[in-house]
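Novice: okay, predicted coordinates and the sequence, questions at the end:
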Amino acid sequence: MSLSELLLTPAEAAAVKSRGGTDAAVLLAIYGWPEEPGLIFTERRSDLRRHAGEISFPGGREDEGDTDLIATALREAEEEIALDPSSVQLAGALAPVSTFVTGYRVHPFVGLVPDPVELGLEPNPTEVETVLTFSLEVLRENYEMRRLIRRGVPIHTPTYEVEGHFIWGATARILGDLIDRLS
């Protein structure tokens, strides 16, 4: 079965109802498919106003000039980690996910990319501390449901702790959807 057959089409994903007042898009850039798949993440700078220090997929809010949310995801990946949009083969999408604190409706798009070493990825120093890559196998092995306290509110959320990096929140929920679909 191809990767596209395991995912939603962008139109199917757009039809899924979700909360959030501001549209944003992220790119789940998969390399090594199908033999040894892995994903590219960013570690956001610790001095940012929103989502400081968090591990996330490259992405952000929709801009006026974006033709659609796919364009948003590709533009943001290029801005954040210098990922050339022409090197991304769009495979499909996942259902949108809402962020609780910031009120975003995040639209995840999945694309196949060459090996990250060949891509020459460079973090944008104004937004991204570093570019991270993790194999799907390692991510699966390091999944755990946890109770976290966020702004004084307890939440029960999926988490992934890999090599000292902690993935939680919307990124972890999106990652969980992808892993479920690929299993």
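Specialist: The structure has been received and is ready for your questions.
Novice: flag every buried residue along the helix-or-strand element of the chain with minimal mean pLDDT.
Specialist: Here the helix or strand of the chain ranked lowest by mean pLDDT, DSSP states H and E is strand 143-150, holding a mean of 84. Across strand 143-150, burial judged by 16 or more other CB atoms under 10 Å covers Tyr143. For every residue, glycine as well, the C-beta is placed using N, CA and C.
Novice: beyond that strand, next helix or strand please.
Specialist: Sequence order places strand 153-162 as the next helix or strand after strand 143-150, per DSSP states H and E.
Novice: strands paired with that next one, and their directions?
Specialist: Strand 153-162 pairs in its sheet with strand 143-150 (antiparallel), strand 165-167 (antiparallel), by DSSP bridges.
Novice: residues contacting the shortest one, please?
Specialist: So the one you mean is strand 165-167. Residues outside strand 165-167 that contact it (CB atoms under 8 Å, 6 or more residues apart in numbering): 41, 43, 55, 132, 134, 139, 159-161, 175.
Novice: can you give me the distance of Thr102 to Val16?
Specialist: 19 Å (CB to CB, to the nearest Å).
Novice: ok, His107 next?
Specialist: His107 is 9 Å from Val16, by CB to CB.
Novice: quickly list what's touching both of the two.
Specialist: Counting by CB under 8 Å, 6+ apart, the residues touching both His107 and Val16 are Pro96.
Novice: and the residue of the chain most remote from its centre, what's its pLDDT?
Specialist: If you look at how far each residue of the chain sits from its centre, by CA atoms, centre = their mean, the farthest one is Gly152, at 25.6 Å. Gly152 carries a pLDDT value of 78.
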